[in-house]
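Asks: I'd like to go over a predicted model; first the sequence, then the structure.
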Amino acid sequence: MRRLEDWGRLGGIGIAVLAVAGVLLFLGPRLLGFAAGPEAEIVTALKEAEHDGMSLAVPGAAAPLVSQKLQYARITVSVAPDGQRAEAFATLDFEGVLGATTVSTAGVEAVPFTRESGRWRPVSSLAPRLVAVVSALEARRRALAEGRPDALSRLAG
């Protein structure tokens with residue numbers, strides 16, 4: 001009888017350890033945010049995009065811009081006084097494809113973030129300047145392919 005009680009006690013301890021591990025797994029990022037502040041959460045969001053890859057919707061393009069190589073560096077985060085908005089400034093080294101077109105750039109990104117449901121999320125995209133530039137180049141390519149000088153003159157400003 002004593003052995004059965006020992007096994008029951010060990011089973012209870014095992015379940016408690018699994019429950020604590022599960023809580024830490026799901027609440028770990030939030031605990032990091034509480035401990036280190038919003039800057040750490042935003043830097044983590046940008047760095048996670050490097051590992052996961054990115055697919056960016058480009059206005060006017062039939063296919064998304066898909067990253068093959070993506071690296072953020074020199075990240076600086078500026079949080080608004082209300083604590084609900086922030087902007088991350090970083091250098092972005094990007095290589096990817098838009099349909100059959102290869103896209104490669106190294107530049108500066110300014111990524112606005114907002115706090116929604118307790119998490120920091122990008123307002124529009126993780127690379128808004130890159131998307132704007134590729135969108136303008138895609139509009140120019142379409143105007144040239146379709147022979148529309150009026151569309152080209154609008155793009156020239």
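Replies: Received, thanks. Numbers count the residues shown, from 1 in each chain.
Asks: Relative to residue 21, how far out is residue 72?
Replies: Plainly put, residue 72 is 30 Å away from residue 21 if you go by C-beta to C-beta, to the nearest Å. Heads up, the C-betas are built off the backbone N, CA and C, glycines and all.
Asks: Residue 75 and residue 92 touch, don't they?
Replies: No - Residue 75 is beyond contact range of residue 92, at 10.0 Å (criterion: C-beta atoms under 8 Å).
Asks: Surely residue 16 forms part of a strand?
Replies: No - with DSSP: H, G, I helix; E, B strand; the rest coil as the criterion, residue 16 is helix rather than part of a strand.
Asks: so how far is stretch 3-18 off the chain centroid?
Replies: Distance of stretch 3-18 from the chain centroid (C-alpha atoms, centre = their mean, to the nearest Å) equals 42 Å.
Asks: which other residues reach it?
Replies: Stretch 3-18 is contacted by no other residue when judged by C-beta atoms under 8 Å, 6 or more residues apart in numbering.
Asks: which regions of the protein lie under the pLDDT threshold?
Replies: 1-2, 4, 6-7, 27-36, 52, 151-153, 155-157 (pLDDT under 70).
Asks: Run through the neighbouring helices and strands of the host helix or strand of residue 135.
Replies: Assigned by DSSP states H and E, residue 135 belongs to helix 128-146. Helix 128-146 is packed against strand 65-79, strand 85-98, strand 101-116, helix 149-156, with contacts defined by 3 or more C-beta pairs under 8 Å, 6 or more residues apart in numbering; DSSP states H and E.
Asks: out of residue 72 and residue 21, which sits in the busier spot?
Replies: residue 72 (21 against 10; other C-beta atoms under 10 Å).
Asks: Any idea what that one is bridged to?
Replies: Going by DSSP bridges, residue 72 is paired in beta bridges with residue 92.
Asks: What values do phi and psi take at the closest residue to residue 49 other than its chain neighbours?
Replies: Computed as C-beta to C-beta, 6 or more residues apart in numbering, the closest residue to residue 49 that is not its neighbour in sequence is residue 126, at 5.1 Å. Backbone torsions of residue 126, given as degrees, to the nearest 10, read phi -80, psi 0.
Asks: so residue 126 touches residue 50, yeah?
Replies: No - look at residue 126 against residue 50 with C-beta under 8 Å: they stay out of range, at 10.0 Å.
Asks: If you count surrounding residues, which of those two has more?
Replies: Higher neighbour count among residue 126 and residue 50: residue 126, with 24 against 16, using other C-beta under 10 Å.
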